[in-house]
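[1] here is a sequence together with a model predicted from it:
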Amino acid sequence: MQCNNSWKVVRGMLALALVAVATPLLAASTDIRWEGRVDRASKDALAANRPMFIEFWAVWCGPCKEMEATVYSDPRVGAAMAKVTPVRVDIDKQPDVARKYNVEAAPTIIVADSLGSEMFRHSGALTLDHMLQLLGELPHDVSSINGFAATLASKKDNYVALSGLARELRTHGFYLAGNKTLDRALKTREARQDANIRADLLLDVARNYISLRSTEDARKTLLRIVSDHPKTAAAAEAQRILAGLR
């Protein structure tokens with residue numbers, strides 16, 4: 001499964017070593033109050049507008065046990081988890097939830113808004129330092145994201161909600177999730193009918209790629225703006241950015 005290392009804290013971490021150890025059944029972390037179901041966790045998260053931290057694990061998963069022993073047991077991690085609603089999903093006991101989130105390996109960590117929409121994903125173990133950095137940089141209040149997500153739950157092609165959500169995701173560093181949202185926005189009636197709107201959305205896509213250090217994808221998107229929408233303000237900005245790309 002491809003890792004969605006969309007968030008700034010885990011770029012460059014694709015080479016993490018996974019250590020399998022023969023330890024007993026995964027135990028509950030001392031300082032972390034894990035919820036066992038996403039639907040129940042969502043209610044708690046919504047009440048406080050907190051993001052959900054969802055770990056997909058399995059009894060047979062060696063790296064999961066290693067993280068339990070060396071990461072989740074650390075009191076600093078327990079304290080940092082106060083800003084999120086922690087959820088632990090056994091992929092063998094809740095295969096439907098694993099399928100819903102396209103989880104094919106353990107451990108997989110997903111950060112979602114309070115309604116359960118994915119904002120960030122990482123497959124594989126995280127070290128203590130990386131976990132602390134991840135938790136430290138997560139937003140503690142996702143009320144704006146929740147608001148847009150709630151609107152989209154009832155009308156999935158709402159351009160205002162999609163563009164607003166993409167903006168919020170970028171603000172918090174969720175660049176890949178932002179681009180997925182922008183892709184949806186590009187398919188709306190407003191974007192199809194207005195060249196300026198379409199060019200502005202593509203410019204935001206390019207900016208996210210730049211933040212992800214995906215220079216070639218950014219270049220292709222910027223050239224597309226210049227080629228397809230040459231008379232827009234976004235085209236002039238795209239040319240300026242292109243001139244500075246290395």
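    Yes, it's here.

[2] how does this protein divide into domains?
    8-137, 143-244 (automatic domain parsing).

[3] state the mean pLDDT of the shortest one.
    Average pLDDT, domain 143-244: 97.

[4] again, but for the longest one
    On average, the pLDDT along domain 8-137 is 86.

[5] now do that domain: distance to the chain's middle.
    Mean C-alpha position of domain 8-137 versus that of the full chain (C-alpha atoms, centre = their mean, to the nearest Å) differs by 13 Å.

[6] which helix or which strand is home to the residue nearest in space to the middle of the chain?
    With distances taken as C-alpha atoms, centre = their mean, the residue of the chain nearest its centroid is F120 (1.6 Å). F120 belongs to strand 118-123 when elements are defined using DSSP states H and E.

[7] show me what that strand pairs with in its sheet, parallel or antiparallel.
    According to DSSP bridges, strand 118-123 forms sheet pairs with strand 108-112 (antiparallel).

[8] just the CA trace of whichever strand or helix holds E55, in PDB.
    For E55, the enclosing helix or strand under DSSP H and E is strand 52-57. C-alpha atoms of strand 52-57 as PDB (Å, rounded to 0.1, in the frame of the first residue of the first chain):
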ATOM      1  CA  MET A  52      -9.200  11.800  15.600                       C
ATOM      2  CA  PHE A  53      -5.900   9.800  15.700                       C
ATOM      3  CA  ILE A  54      -6.700   6.400  14.400                       C
ATOM      4  CA  GLU A  55      -4.300   3.500  14.700                       C
ATOM      5  CA  PHE A  56      -5.000   0.400  12.700                       C
ATOM      6  CA  TRP A  57      -3.200  -2.500  14.300                       C
END
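
[9] burial count for the closest residue to C61 other than its chain neighbours?
    Leaving aside its sequence neighbours, C61 sits nearest to A106 (C-beta to C-beta, 6 or more residues apart in numbering; 4.2 Å). All C-beta atoms are positioned from the backbone trio N, CA, C, and that covers glycine. Neighbour count of A106, defined by other C-beta atoms under 10 Å: 23.
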